[in-house]
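J.: Sequence and computational prediction follow.
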Amino acid sequence: MKLVLAVFLFIFSLSFAKEVSSIIREIVMYDEDFIKHHSKSYFEKLKNKQKPYITLVSCSDARVHTNIIEKDPINKIFIIRNIGNQLLTSFGSVDYGVLHLNTPVLLILGHSHCGAIKAALKDYKEEPFDIIKELDHLFIPLSKLKSKNMDFGTKWIKGVQANVDYQVELALKKYKTLVEKGKLTIIGAIDDFVGLYNSGEGRIIIVNVNGETNTEKLKKTFHI
């Protein structure tokens with residue numbers, strides 16, 4: 001039995017090593033291709049300082065990436081990622097983008113079928129301690145929804161948007177002066193790659209601009 005187990009572990013380790021080796025090769029090959037398609041002057045612009053125009057707070061979900069809002073995000077988007085696109089767990093980084101890099105836009109990007117929202121709407125006490133600690137911050141935006149009598153799918157959709165609105169609200173309180181002076185615009189949006197907003201899969205849905213959440217007003221003001 002011990003021999004069988006040892007053989008199995010050996011084969012498994014070889015398979016795992018192969019997979020990792022393949023991933024490393026892919027990283028290197030992609031980088032080579034990236035270098036080939038960018039001139040020396042492209043990299044020269046990056047040497048001295050960064051000049052992003054968006055501070056982005058998005059979820060860590062692998063299905064959400066900056067190429068949905070910018071083809072080449074390098075030096076254009078200052079990115080902060082965590083589970084549930086939260087400000088409270090990353091305020092130091094957000095401050096850096098808003099106060100030091102002076103980006104005129106703070107974009108909070110949630111997404112359809114967010115696992116953090118799904119977990120926070122349920123019982124997550126069996127999760128590892130550090131995950132619990134991050135999910136606990138979602139209690140305020142989701143607390144009213146948790147007690148409502150509705151099917152979970154609807155609750156999940158509403159929870160994603162409620163969280164985005166809450167994060168915008170936190171940002172408005174913290175950066176109130178910048179917003180009032182017209183130096184910062186805080187945008188709440190949802191990457192709807194599932195198609196839950198009836199606008200097709202992959203659409204970015206703007207749901208909140210500086211606290212304004214009325215869909216018709218947003219469409220009229222920003223022509224979206």
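T.: Okay, I see it.

J.: worst-scoring helix or strand of this protein, pLDDT-wise?
T.: helix 2-36 (a mean of 73; mean pLDDT, DSSP states H and E).

J.: need the next SSE after it, C-terminal direction.
T.: Helices and strands here follow DSSP states H and E; after helix 2-36, the next one along the chain is helix 40-44.

J.: which strands and helices sit next to the helix or strand immediately after that following helix in the chain?
T.: Reading on from helix 40-44 to the C-terminus, the next helix or strand found by DSSP H and E is strand 54-59. Strand 54-59 sits against strand 77-82, strand 105-111, with contacts defined as 3 or more C-beta pairs under 8 Å, 6 or more residues apart in numbering; DSSP states H and E. In this view, the C-beta of every residue, glycine as well, is placed from N, C-alpha and C.

J.: quick one: strands adjacent to strand 54-59?
T.: When pairs are called by DSSP bridges, strand 54-59 turns out to pair with strand 77-82 (parallel), strand 105-111 (parallel).

J.: how about low-confidence regions in the chain?
T.: The chain contains residues with pLDDT under 70 at 1-18.

J.: Can you pull the domain assignment for it?
T.: Structural domains assigned to the chain are 1-37, 46-222, following automatic domain parsing.

J.: Make a markdown table out of these and add mean neighbour count.
T.: Below are these laid out as a markdown table (neighbours: other C-beta atoms under 10 Å):
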| stretch | mean neighbour count |
| --- | --- |
| domain 1-37 | 10 |
| domain 46-222 | 17 |
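
J.: Identify the residues contacting the residue most central in space within the chain.
T.: The chain has residue 58 as the residue nearest its centroid, 1.7 Å off, counting by C-alpha atoms, centre = their mean. Applying C-beta atoms under 8 Å, 6 or more residues apart in numbering, one finds that residue 58 lies in contact with 64, 66, 79, 80, 81, 85, 107, 108, 109, 110, 111, 191.
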